[in-house]
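> Below is the sequence, then the predicted model.
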Amino acid sequence: MSANRPNVILFMMDALRPDHLSPWGAGIHPTPNFERLASAGAFFRNAFSHMPSSHPSRASILTGRDPHTHGVRINSRPLPSQETTLAQLLSAEGYLTATTRVFSPGIGRGFVDQGLARDLSPFDRGPWDVVKELPEMATDEMETDVAKDVTALITWLQDYSGDAEKRKHPFLLWADSEDTHEPWRPPKPFDALYTDPAYDGPDVSCPPMYSPKLSEREKAHAVGLYDGVVALLDKHLGRLLDALERLDLSDNTLVVVLSDHGVHLGEHHLWRKPPTLFDAVLRATLIMRLPGVIPAGFQSDGINLVNDVFATVLDVCGIDVPEAAKRQCTSLMPLLSGAEQVREFIGLEFNAYKGTAAKGIRTPRWKYMHYRSVGDIPWDVGSPADIWRGNNWAKTMLFDLANDPSESHDVRAEHPDIERQMRETLIDWLIESENDIPAPDPGD
């Protein structure tokens, strides 16, 4: 084991959208600690998840493999025993491994210490329609996930720094805040940062997935609650960064702040995480910092997947990517050396939600989405906003992202050659990756 291998901290922030962080650009509410991290490292503007689903995405980050190959295609499914995790690989190389949460079965394999901050997440404790009403979802600041996680990390780091035997080993730590998961109920004073104090409308902390009748005031209040939670995350990220500096660990610690996916905040009248493949719900936060290795203040527009965090961490640590993952993840270090892209396209998927399976392909310019019924859903063509409901929904869509970043205008009719090319790319990806969801028919 090389004594120079860096420490690694992976800080997962559920459903955190990068375009709600001030490193994204002008007009965003200030998030000084996210900006502090990004200005000292790299901010990836086009990181995506395969699907807007928490456990499949986490499994992809920790195995480097796509959901349909690692087997965690829905939140309740365990990671198969034959899958190798990042924690297992680093542990075998002498890393100390710990996580603030208890994972669903298999995903946390290789983390020796689990549950530093808490046991099961509220989201693991029962049906969602019950869980979203739990009183513990609305706690005071120091009882939020992010506050407890950071406190646990700091305690662990202080113990590590004071133990000469432990300091002989690098470490891998995983923190996992679900505060930005709906319902959005920021504690005081964050609940009032971006909301109208005179608001007296309905509770919009967890809007229905399809909500075309929300008023502008209600929509603004919902987004304000979300941004209040983002401000909470920012504050406690600052606590962690301060602790790393105080303990003289900053210079040799790779800090990765990432999300599992995005979230709909009213685009196409959609909220939360319906089974769509729009950028709003698939674009993930990804910020990396390692002084002397990752250039400070770097912003990348290259498209990549959350899987690539796996390959990038291994690359930085000087550890080979397992053969089973090599074709599904790639190191992002070439982007930091000036490469424009490390992927020609990314494959997208959503498996059997309310009778719907979705597959898609995204390139830097184009997005092709194909929705297939796996139940009794009609194939009537209609609004993209109705996809998740199974009513009046389109089978295929093509978007020109360069001219239509909001994905509002289906351009299949204007670009039949592009549609055909993207469909062929999708079919090739499905075959190559042994994906068992049926490919689009040529006539679809």
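Noted; the coordinates are in hand. Numbering: from 1, shown residues only.

> Stretch 32-39: how far from the chain's middle?
Centroid displacement of stretch 32-39 relative to its chain, using Cα atoms, centre = their mean, to the nearest Å, is 18 Å.

> Equivalent analysis for stretch 257-273, please.
For stretch 257-273, the distance to the chain centre is 10 Å (Cα atoms, centre = their mean).

> tell me the average confidence for it?
What stretch 257-273 shows for mean pLDDT is 95.

> And for stretch 336-353?
Stretch 336-353 shows a mean pLDDT of 86.

> Alpha carbons of that stretch, as PDB, please.
Taking C-alpha atoms only, stretch 336-353 is exported to PDB below (Å, rounded to 0.1, in the frame of the first residue of the first chain):
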ATOM      1  CA  LEU A 336      -9.500  17.700 -16.000                       C
ATOM      2  CA  SER A 337      -6.600  17.600 -18.400                       C
ATOM      3  CA  GLY A 338      -8.500  19.300 -21.200                       C
ATOM      4  CA  ALA A 339     -10.400  16.500 -23.000                       C
ATOM      5  CA  GLU A 340     -13.800  17.800 -24.200                       C
ATOM      6  CA  GLN A 341     -15.600  14.500 -23.600                       C
ATOM      7  CA  VAL A 342     -15.000  11.100 -22.100                       C
ATOM      8  CA  ARG A 343     -18.300   9.700 -23.400                       C
ATOM      9  CA  GLU A 344     -20.000  10.000 -26.800                       C
ATOM     10  CA  PHE A 345     -23.300   9.300 -25.100                       C
ATOM     11  CA  ILE A 346     -24.900   8.100 -21.900                       C
ATOM     12  CA  GLY A 347     -27.600   5.500 -21.600                       C
ATOM     13  CA  LEU A 348     -30.700   6.300 -19.500                       C
ATOM     14  CA  GLU A 349     -33.300   4.000 -18.000                       C
ATOM     15  CA  PHE A 350     -36.300   3.600 -15.700                       C
ATOM     16  CA  ASN A 351     -37.600   0.200 -14.900                       C
ATOM     17  CA  ALA A 352     -41.300  -0.800 -14.500                       C
ATOM     18  CA  TYR A 353     -42.800   2.100 -12.500                       C
END
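
> What residues of that stretch count as buried?
Using 16 or more other Cβ atoms under 10 Å as the burial criterion, the residues of stretch 336-353 that qualify are Leu336, Gln341, Val342, Arg343, Phe345, Ile346, Gly347, Leu348, Glu349, Phe350, Asn351, Tyr353. C-beta here means a position set from N, CA and C on the backbone, and glycine is covered the same way.

> from what I can see the third one touches Leu332, true?
Yes. Val342 lies in contact with Leu332 (Cβ atoms under 8 Å); the separation is 6.3 Å.

> Give the intersection of the neighbour lists for those two.
Shared contacts of Val342 and Leu332 (Cβ atoms under 8 Å, 6 or more residues apart in numbering): Gly302, Asn304, Asp308.

> By neighbours, which of the residues you listed wins?
Counting neighbours by other Cβ atoms under 10 Å, Asp308 comes out on top of the shared contacts of Val342 and Leu332 with 29 neighbours.

> which ones are touching that residue?
With Cβ under 8 Å, 6+ apart, Asp308 has these contacts: Ala47, Gly64, Cys329, Thr330, Ser331, Leu332, Val342.

> Present the residues you listed as CSV; the columns should include distance to Gly108 and secondary structure.
Shown next, in CSV, are these (distance: Cβ to Cβ, whole Å; DSSP: H, G, I helix; E, B strand; the rest coil):
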residue, distance to Gly108, secondary structure
Ala47, 22, strand
Gly64, 16, coil
Cys329, 19, coil
Thr330, 24, coil
Ser331, 24, coil
Leu332, 24, coil
Val342, 28, coil
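
> tell me which of the residues you listed is nearest to Met142?
Within the contacts of Asp308, the smallest distance to Met142 is 30.2 Å, found for Ala47 (Cβ to Cβ).

> which ones are touching the closest one?
Pro18, Leu258, Arg283, Ala284, Thr285, Leu286, Asn304, Leu305, Val306, Asp308.

> Give me the buried subset of those.
In the contacts of Ala47, burial by neighbour count holds for Pro18, Leu258, Arg283, Ala284, Thr285, Leu286, Asn304, Leu305, Val306, Asp308, counting by 16+ other Cβ under 10 Å.

> how close does the fourth one get to Lys395?
So the one you mean is Ala284. As judged by Cβ to Cβ, to the nearest Å, Ala284 and Lys395 stand 27 Å apart.

> what does the third one give?
Arg283 sits at a distance of 24 Å from Lys395 (criterion: Cβ to Cβ).

> Same question for the second one.
Summarising the geometry, the distance separating Leu258 from Lys395, computed by Cβ to Cβ, is 32 Å.
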